[in-house]
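Student: here is a sequence together with a model predicted from it:
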Amino acid sequence: MNRRTFAKSILQASIGAAAALPAARAMFAVKPTRSTDIRVEQMSFEYEDYKYRVPIKFGGTVLDRATIINVHCTVRTEGGQVAKGFGSMPMGNVWAFPSHTMNYEKTLGAMKALASKICKITADSKISGHPIDINWPLQPEYLKAASQVSSEQHLDEPIPKLCTLVTTSAFDAAVHDAFGKVHNLNCYYTYGPEFMAHDLSYYAGAQFRGIYPDRFISKEPKARMPLYHLVSAVDPIEESDITKRVNDGMPETLPEWINHDGLTHLKIKLNGNDLQWDVDRVIRIDRVTTETQKKRGVADWVYSLDFNEKCPDIEYFLDFIRRLKQKAPDSFHRIQYIEQPFSRDMDTHKQSVAKAAELVPVVIDEALTGIDALMLARELGYTGAALKACKGQSDMMIIAPVAEYHKMFLCVQDLTCPGASFIESAALAAHVPGAKAIEGNARQYMPAANKAWEGRFPGLFHVKDGMVETGKLNKLGLSAV
């Protein structure tokens, strides 16, 4: 079985069949071969819970809370050096494990049960190597654990692969963080042949022979990057939209946010089930933004549009683009990209976006769960990819270089990531050359979760002129602790 066929079998396999995968990937287990290799010795985790200051709506769901998982690990090199690592990520169950039959507590409980299994699997693993060498053969074990949790908890729907990746991501981040620290380096210095046992051909096919991630990943971060501000489907645009002010000293309307942070990048959430509403929403936001930016003397700004998979078919999507272009051409020309219009299940919903992608970059997000998903998306006409720390540092260090190689449009988005998880997400954006901006909306919805971290990277958590400072995301490990 070649590597591409093997990877495709993982992508297409149902979680129920995941038990067969560990043996298939065991052949790729890495034997200790170099002094830089590490082994995980200890791993633990705890949770933090937060209520949002205001609710957010995406994909037809209104959300007002988050649970953050924080992971600690200890690793040891072959030479006996020891370091501790830290990783953090929102559980994001509404996004990672959407369900029409199971409530918030049920899907979150399933993710917590899976986290316990992932912790044990990783801590008990005897695999030595680079963090990617550790994560790669363990992924089938994580999928098997997801299948076990689905069965043990009698879930109406099995835990999907995306949910497994999100649950795993903080554990994976902790290992990368420890790897950088044990070698006295920022992690982005460790994605070359000096540390990695395999080049990209091992993960993505023969065309990448001799190419390592560091060919497409910058060792040093960009100095500054624009920040995308989220306008959810229930966020007030103007004062007339507010029935009762929060009155917590923070901006509440779109003009207030633009003036407060000097915003030039706005991400607009759309519903995907009401064409007129979607078109009118963009036009209204553009009208209010234009009025505000004119007063500020600003002429250039951009939008991204996110349907969160809700477009029923390509006709709806194309009709939306045509209507918007006809009714508000200036608004249309400000669109930097449109994100995931159709179902994340690309195997059964093979909707081509090629015609739309001729007009504006169309980006894969929820469906991006591995290299084969990226390749399938390209076949379907997607011209961009949304990188996310919540899908795992290991996977992003494989997917990002492959996407860069194919000259795809790249953006980095978060999962309303606060604190350390936002630092991890921002570092990803700052070290991927093609990434155009950073998404960071925890400052809007749960700023309390940022408080303990603001002093470490003040320029990252405080937006000025629509930009955040990313030049200091070069400390040891993943820069979080």
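Tutor: Looks like it came in fine.

Student: other residues contacting stretch 274-291?
Tutor: With contacts defined as CB atoms under 8 Å, 6 or more residues apart in numbering, stretch 274-291 is touched by 231, 233, 237-238, 254-255, 258, 266, 268, 270-272, 301, 303, 305, 307, 316, 319-320, 323-324, 327-328, 330-331, 334. Glycine gets a C-beta too; all of them are placed from N, C-alpha and C.

Student: now do it: distance to the chain's middle.
Tutor: Centroid separation between stretch 274-291 and its chain, computed with CA atoms, centre = their mean, to the nearest Å, is 26 Å.

Student: that one: which residues count as buried?
Tutor: Going by neighbour count (16 or more other CB atoms under 10 Å), the buried part of stretch 274-291 is 275, 278-279, 281-286, 288-290.

Student: of the contacts of stretch 274-291, which belong to strands?
Tutor: 231, 266, 268, 303, 305 (DSSP state E).

Student: any idea how far Gly59 is from Ile69?
Tutor: For Gly59, the distance to Ile69 (CB to CB, to the nearest Å) stands at 22 Å.

Student: who has more neighbours, these two?
Tutor: Higher neighbour count among Gly59 and Ile69: Ile69, with 23 against 19, using other CB atoms under 10 Å.

Student: mind pulling the model confidence for that one?
Tutor: Here, the pLDDT recorded for Ile69 equals 98.

Student: and it, what are its bridge partners?
Tutor: Tyr47, Met89 (DSSP bridges).

Student: which non-adjacent residue is nearest Ala400?
Tutor: Val432 (5.0 Å; CB to CB, 6 or more residues apart in numbering).

Student: tell me the spacing between that neighbour and Ala170.
Tutor: 20 Å.

Student: equivalent analysis for Leu415, please.
Tutor: Counting by CB to CB - Leu415 and Ala170 are separated by 11 Å.

Student: what residues do those two have in common as contacts?
Tutor: By CB under 8 Å, 6+ apart, the residues touching both Leu415 and Ala170 are 89, 421.

Student: out of these two, which sits in the busier spot?
Tutor: Per other CB under 10 Å, whichever of Leu415 and Ala170 has more neighbours is Ala170, with 31 against 25.

Student: same for the helix or strand where the more buried one lies, what does it pack against?
Tutor: Using DSSP states H and E, the element containing Ala170 is helix 161-182. Packing contacts for helix 161-182, counted by 3 or more CB pairs under 8 Å, 6 or more residues apart in numbering; DSSP states H and E, involve strand 38-58, strand 61-77, strand 82-90, helix 93-96, helix 104-124, helix 131-152, helix 393-405.

Student: can you name the element that comes right after that helix?
Tutor: helix 201-204.

Student: excluding its backbone neighbours, what's nearest the residue most central in space within the chain?
Tutor: Centrality entry for the chain: nearest residue to the mean C-alpha point is Lys388, 1.9 Å, by CA atoms, centre = their mean. Among residues not flanking Lys388 along the chain, Gln413 sits closest, at 5.6 Å (CB to CB, 6+ apart).

Student: ok, the one you found touching Ala389?
Tutor: No. In this structure Gln413 lies outside contact range of Ala389 using CB atoms under 8 Å: 9.3 Å.

Student: between the two, which has more neighbouring residues?
Tutor: Ala389 (30 against 27).

Student: among the helices and strands packed on helix 161-182, which comes closest to Ile242?
Tutor: strand 38-58 (10.2 Å; CB to CB).

Student: any stretches of the chain with poor pLDDT?
Tutor: Along the chain, segments meeting pLDDT under 70 span 1-32.

Student: domains of it?
Tutor: Following automatic domain parsing, one gets these domains for the chain: 3-209, 215-469.

Student: chain center to the last one, what's the gap?
Tutor: Which is domain 215-469. Averaging C-alpha positions (CA atoms, centre = their mean) puts domain 215-469 11 Å from its chain's average.

Student: start and end of it, how far apart?
Tutor: With CA to CA, to the nearest Å as the measure, domain 215-469 spans 24 Å from end to end.

Student: do stretch 82-99 as well
Tutor: 42 Å.

Student: name the residues of it that come out as buried.
Tutor: 83-99.

Student: can you check stretch 472-481 too?
Tutor: For stretch 472-481, by 16+ other CB under 10 Å, it's 473-481.

Student: in helices only, show me those.
Tutor: Among the buried residues of stretch 472-481, DSSP state H puts none in helices.

Student: out of these, which two sit at the greatest distance?
Tutor: Asn474 and Val481 (14.5 Å).

Student: roughly how far apart are the residue lying closest to Gly85 once chain neighbours are set aside and His130?
Tutor: Nearest residue to Gly85, sequence neighbours excluded (CB to CB, 6+ apart): Ala178, at 2.7 Å. When distance is defined by CB to CB, Ala178 is 12 Å away from His130.

Student: likewise Ala429?
Tutor: Counting by CB to CB, the gap from Ala429 to His130 is 22 Å.

Student: those two: who's more crowded?
Tutor: Set side by side, Ala429 and His130 give different neighbour counts by other CB under 10 Å, the larger being at Ala429 (28 against 25).

Student: and the more buried one, what element?
Tutor: helix 419-431.

Student: cool, and Ala356?
Tutor: Per DSSP H and E, Ala356 falls inside helix 354-357.

Student: show me the contact partners of that helix.
Tutor: Here helix 354-357 makes contact (CB under 8 Å, 6+ apart) with 314, 317-318, 321, 338, 341, 362, 380-383.
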